[in-house]
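A.B. asks: For reference, the sequence and a predicted model appear below.
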Amino acid sequence: MSEHLNNPAMEPRMDERAPLCGMLEQFAATHPGQRETALKILDFVRSHADCFHRSCVPGHITGSAWLLNPAGDKALLTLHRNLKRWLQPGGHADGDADVLRVALREATEESGIDGIRPLDTRIMDLDIHEIPARPAKGEPAHLHLDIRFLMQAPHEQYTVSDESDDLAWWSYGEIQARRAELDAAVLRMADIWMRPTPN
């Protein structure tokens, strides 16, 4: 049991989880292809009062951004230092129940770009994936239940943070040409980016 379940001051109250629950319900209703994932995350959030904390051992909520350049024709991917994979910017909520704010904060920190703005306050994509154990740091394998949003940067001048080995702007064509190097979830977000957003 997480330490936060024994410390009411550190637990998100159900009303703090309610906005995310509402977003997940709306997403499930409008995205049949990801309905099952949305309902799994919804059940997790409802079942774990400490779902926004890293100490929630089965897994925890994370937020990330599909970050576009000003022209909207390239997306910024980071070569994650620990996972050694090209991924969208994102990271832990660390107790913040506002997942859009989490995604914006993580995109800003990992890119060094100020002035990033959400293009939509609705969820763009969802994913549940396992993070390998890191015994040296005492971290067991666990799940990241990731909430993704579409965002745009005011310029392309990024700074590589200590969480990344590299950053790069990728066009849709480059993503397709290098499909073998990329996770299925990244390819799915690229396809969502290229098709109209449902109302």
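C.D. replies: Right, received. Where do you want to start?
A.B. asks: This protein: helices as residue ranges?
C.D. replies: Applying DSSP state H to the chain gives helices spanning 14-30, 35-47, 99-111, 172-177, 184-194.
A.B. asks: Just say which of the ones you listed is most tucked in.
C.D. replies: When these are scored by mean count of other Cβ atoms under 10 Å, the highest mean neighbour count falls to helix 99-111 (a mean of 22). In short, each C-beta sits where N, CA and C put it, glycine included.
A.B. asks: Return the distance of that one from the chain's centre.
C.D. replies: The chain centre lies 9 Å from the centre of helix 99-111; the measure is Cα atoms, centre = their mean, to the nearest Å.
A.B. asks: about what we covered before: possible to save the helices of the chain as TSV with distance to residue 126 and mean pLDDT?
C.D. replies: TSV is the format used below for the helices of the chain (distance: least, Cβ to Cβ, whole Å; pLDDT from 0 to 100):
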stretch	distance to residue 126	mean pLDDT
helix 14-30	7	94
helix 35-47	5	97
helix 99-111	11	97
helix 172-177	19	97
helix 184-194	9	96
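A.B. asks: Tell me which of those lies nearest to residue 132.
C.D. replies: Across the helices of the chain, residue 132 has its closest neighbour in helix 184-194 (16.2 Å, Cβ to Cβ).
A.B. asks: Touching the closest one from outside, list them.
C.D. replies: 66, 68, 75, 77, 86-88, 124-125, 127, 129, 148, 150, 172, 175-176, 179 (Cβ atoms under 8 Å, 6 or more residues apart in numbering).
A.B. asks: hey, C-alpha coordinates of that helix in PDB?
C.D. replies: The C-alpha coordinates for helix 184-194 follow below in PDB (Å, rounded to 0.1, in the frame of the first residue of the first chain):
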ATOM      1  CA  ALA A 184       3.500   1.800 -31.900                       C
ATOM      2  CA  ALA A 185       2.100   4.600 -29.700                       C
ATOM      3  CA  VAL A 186       4.300   7.200 -31.300                       C
ATOM      4  CA  LEU A 187       3.200   6.000 -34.800                       C
ATOM      5  CA  ARG A 188      -0.400   6.200 -33.600                       C
ATOM      6  CA  MET A 189       0.000   9.800 -32.400                       C
ATOM      7  CA  ALA A 190       1.600  10.700 -35.700                       C
ATOM      8  CA  ASP A 191      -1.500   9.300 -37.600                       C
ATOM      9  CA  ILE A 192      -3.800  11.200 -35.200                       C
ATOM     10  CA  TRP A 193      -1.900  14.400 -35.900                       C
ATOM     11  CA  MET A 194      -2.400  13.900 -39.700                       C
END
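A.B. asks: gap between it and the chain center?
C.D. replies: Going by Cα atoms, centre = their mean, the spacing between the C-alpha centre of helix 184-194 and its chain's C-alpha centre is 13 Å.
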